[in-house]
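1. Below is the sequence, then the predicted model.
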Amino acid sequence: MLHNPKKEIYDALCTLGYDVSQQAVAVFNELPAITFTVSSGRVNLDLNNDVARQDITIKIDLWADSSVKCSLMLIEVEDLLRSMYYRLEWYSDIPNIDSDVYHTSSRFVTIV
């Protein structure tokens, strides 16, 4: 059976107390904020054409008024998602020259 983690990721991120939205929306009224998207859900089938394994990738973007706040948010998100068996695969500060908004992008992966 295909696993779609969108709701469980959204619900989990909301427990951190930040404004959370899907990447498609990408408009937030308040900082700090989190946007996310399910960027991969590759499925591997067994010989009976049933789902044997699914590789899931979640892209999470953190937005705050300071670089330090983004870093602290990343620690919280990593701890939360690790408890859900997601592994932090990559993260990076994203330069934003024309704004006072700081942005950290990250990618988490798991196998279901």
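-> Yep, that arrived. Residues are numbered from 1 along each chain as shown.
2. What are the buried residues along the lowest-mean-pLDDT helix or strand in the chain?
-> Comparing every helix and strand of the chain by mean pLDDT, DSSP states H and E singles out strand 33-45 as the least confident one, with a mean of 86. When neighbours are counted by 16 or more other Cβ atoms under 10 Å, the buried residues of strand 33-45 are found to be 33, 34, 35, 36, 37, 41. Glycine gets a C-beta too; all of them are placed from N, C-alpha and C.
3. so what's the third one bridging to?
-> What it means is residue 35. Note on residue 35: beta-bridge partners residue 21, residue 61, judged by DSSP bridges.
4. these two touch, right, it and residue 18?
-> No - in this structure residue 35 lies outside contact range of residue 18 using Cβ atoms under 8 Å: 10.2 Å.
5. circling back to that earlier point, not counting the least confident helix or strand of the chain itself, show me its contacts.
-> The set of residues that contact strand 33-45 without belonging to it, under Cβ atoms under 8 Å, 6 or more residues apart in numbering, is 2-6, 9-10, 13, 16, 18-26, 28, 51-64, 73, 77, 107.
6. tell me, what residue is most central in the chain?
-> Closest to where the C-alpha atoms of the chain average out (Cα atoms, centre = their mean) is residue 60, at 2.9 Å.
7. For the closest residue to residue 92 other than its chain neighbours, which residues are in contact?
-> Taking Cβ to Cβ, 6 or more residues apart in numbering, and ignoring the residues beside it in sequence, residue 92 has residue 105 as its nearest neighbour in space, at 5.6 Å. With contact set as Cβ under 8 Å, 6+ apart, residue 105 has these partners: 59, 60, 61, 62, 91, 92, 94.
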